[in-house]
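Colleague: 3D model of this:
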Amino acid sequence: MKKVTGIGGIFFKTSDPAKIKDWYHKNLGLTVDAYGSPFEFRNANNPEEINYLQWSPFKDDTKYFEPSKKEFMINYRVADLEALVQELKKEGVTICDEIQSFDYGKFVHIMDPDGNKIELWEPVDQVFTDSLQGKTTK
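Modeller: Numbers count the residues shown, from 1 in each chain. Here you go, the predicted model:
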């Protein structure tokens, strides 16, 4: 079974998310929105398909990364989240929550042995293609 298919997001803590988004926009050219910067790329196995990665700064007092004490969280794209979660449970991996479904995909959080919280995402990229209309970092 194919597990991780790519990176879906890079999330990190900062004292001032708006300031840091402005800095990255001004100095590195990132297209920014309320959530950070959506990066657009082509699927290596299906070049006609557009995929997305979300770069997002979070306020340093966010609870979203808990129970991890780290200042970052990585989101990994996966092909079949439900099957992967069953496999991870069999392997004794800590599953932090239940799978949540949204129009843009399914999510669950796990912990690695170093205490890093990891977000797993089975994406529905077409939702982003339709809503972002090219307003992405390419």
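
Colleague: tell me the phi and psi of the residue lying farthest from the centre of the chain?
Modeller: Most distant from the centre of the chain: residue 90, at 24.1 Å, with distances by CA atoms, centre = their mean. Residue 90 has phi and psi values of phi -60, psi -30 when expressed as degrees, to the nearest 10.

Colleague: mind checking pLDDT for it?
Modeller: pLDDT, residue 90: 96.

Colleague: Tell me where the longest strand sits in this structure.
Modeller: strand 46-59 (DSSP state E).

Colleague: name the helices or strands packed onto the next helix or strand along the chain from that one?
Modeller: Proceeding N to C from strand 46-59, the next assigned helix or strand is strand 72-78, under DSSP states H and E. For strand 72-78, the packing partners by 3 or more CB pairs under 8 Å, 6 or more residues apart in numbering; DSSP states H and E come out as strand 4-14, strand 117-123. Placement of C-beta: from N, CA and C, glycine included.

Colleague: Same list as before, the ones you listed that is, but in TSV and with mean neighbour count included.
Modeller: Listed next are the helices and strands packed on strand 72-78 as TSV, based on neighbours: other CB atoms under 10 Å:
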stretch	mean neighbour count
strand 4-14	18
strand 117-123	21
